[in-house]
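1. sequence? don't have it. structure:
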């Protein structure tokens, strides 16, 4: 029996069944086309302020596992699925998806026509939506959606509040990672490459970062509009040319802004694990995992020091850049993807090569 409804800001109302938290939620509605990885999506801080419609119809069937979380906290607002499975078949699982969502106040709604909902988003773009009880007044809901103000401080919300460290045996490099909402698998990949990682808050000054004696600077993924993250934009302006830099996703966009490029909000973004990206240096197509609402304006690269290295084969959006003189590389997609393709893991090795060429690797 239906007990919840999903109300879109354009007036569309869909009815379904509740799972997870019972709270009323308002957030930006987006969709993700991944067939697996719902735990990584749930725990990715980049989804802060959003509710996600999963296009794959069966969600929850392998439960959640403690080792697979991408962050210590869960910031997503809502989960929308066709069929929710509360009886996982997986020897590794430690709790159900619904239990984890209830613990972290994430509201879920199932039995929704997710194909229809995805078509609405593709045709009209991402929009605000509300998940609420089935008897909630719809006129009031639409009024609340119209008056809702999007939080511009989402990076502050998801970033670490204190410096923390992830160390590895026999380290060769020290990396400072600026946490704008970083996924844990990025830290794991850097550890595997003999990097000790110091994770710092997004607003850490350049002088404080250099006191940590880094060989390289990493700018993470995260939620929201990159133009709002002025602290990290200014950090890149100060750091470029002085230390090798790698940026992923939001970090890629921030690097673009710091180097004079422009960004824009996409109609419905890229979210999934099968986006084809062409490596312009090799001519090869890489299958990539992606999650972003904003992108670099390709035309704005012309008057910058940035050179395009990767491009999306579907819509020609810039997916990778390099600034050879200032020792910077960045990619829009996720080369560290824990539940997706591994075609682009070499990006981390390129970062290490950049550090070696710069004369690093002696600080650890």
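-> Received, thanks. Remember, it's a predicted structure, so these values are computed and weren't measured experimentally. Numbers count the residues shown, from 1 in each chain.
2. If we ignore the residues flanking it in sequence, what's nearest residue 224?
-> Nearest non-adjacent residue to residue 224, counting by CB to CB, 6 or more residues apart in numbering: residue 154, 4.2 Å away. In short, each C-beta sits where N, CA and C put it, glycine included.
3. Kindly report the same for residue 184.
-> On the basis of CB to CB, 6+ apart, the spatially nearest residue to residue 184 that is not a chain neighbour turns out to be residue 70, at 5.2 Å.
4. Please report how far the residue nearest to residue 224 lies from residue 21.
-> Distance, residue 154 to residue 21, by CB to CB, to the nearest Å: 19 Å.
5. returning to that earlier point: what residues does the residue nearest to residue 224 make contact with?
-> Taking CB atoms under 8 Å, 6 or more residues apart in numbering as the contact definition, residue 154 lies against 48, 49, 181, 222, 223, 224.
6. Repeat the analysis, applying 6 Å as the threshold.
-> 48, 49, 223, 224 (CB atoms under 6 Å, 6 or more residues apart in numbering).
7. Residue 310 looks like it's in a strand, true?
-> Yes: the assignment for residue 310 is a strand, going by DSSP: H, G, I helix; E, B strand; the rest coil.
8. Tell me what it is bridged to.
-> Per DSSP bridges, the residues bridged to residue 310 are residue 279, residue 320.
9. And the strands in the stretch 151-300 of the chain?
-> In the stretch 151-300 of the chain, strands defined by DSSP state E, counting those that start in this stretch lie at 164-166, 173-179, 195-201, 216-219, 245-248, 263-279, 285-296, listed in chain order.
10. Quick one, which of these gets closest to residue 1.
-> Distances from residue 1 to each of the strands of the stretch 151-300 of the chain were compared using CB to CB; the shortest belongs to strand 263-279, at 30.9 Å.
11. tell me what the closest one is packed against?
-> Helices and strands in packing contact with strand 263-279 are listed as strand 25-32, strand 285-296, strand 307-312; criterion 3 or more CB pairs under 6 Å, 6 or more residues apart in numbering; DSSP states H and E.
12. Now the shortest one: average pLDDT?
-> To tie it back to what came earlier, the one meant is strand 307-312. The average of the pLDDT scores along strand 307-312 is 98.
13. What of stretch 186-200?
-> Over the span of stretch 186-200, the pLDDT mean works out to 97.
14. for it, which positions count as buried?
-> With burial defined by 16 or more other CB atoms under 10 Å, the residues of stretch 186-200 counted as buried are 186, 187, 189, 190, 191, 193, 195, 196, 197, 198, 199, 200.
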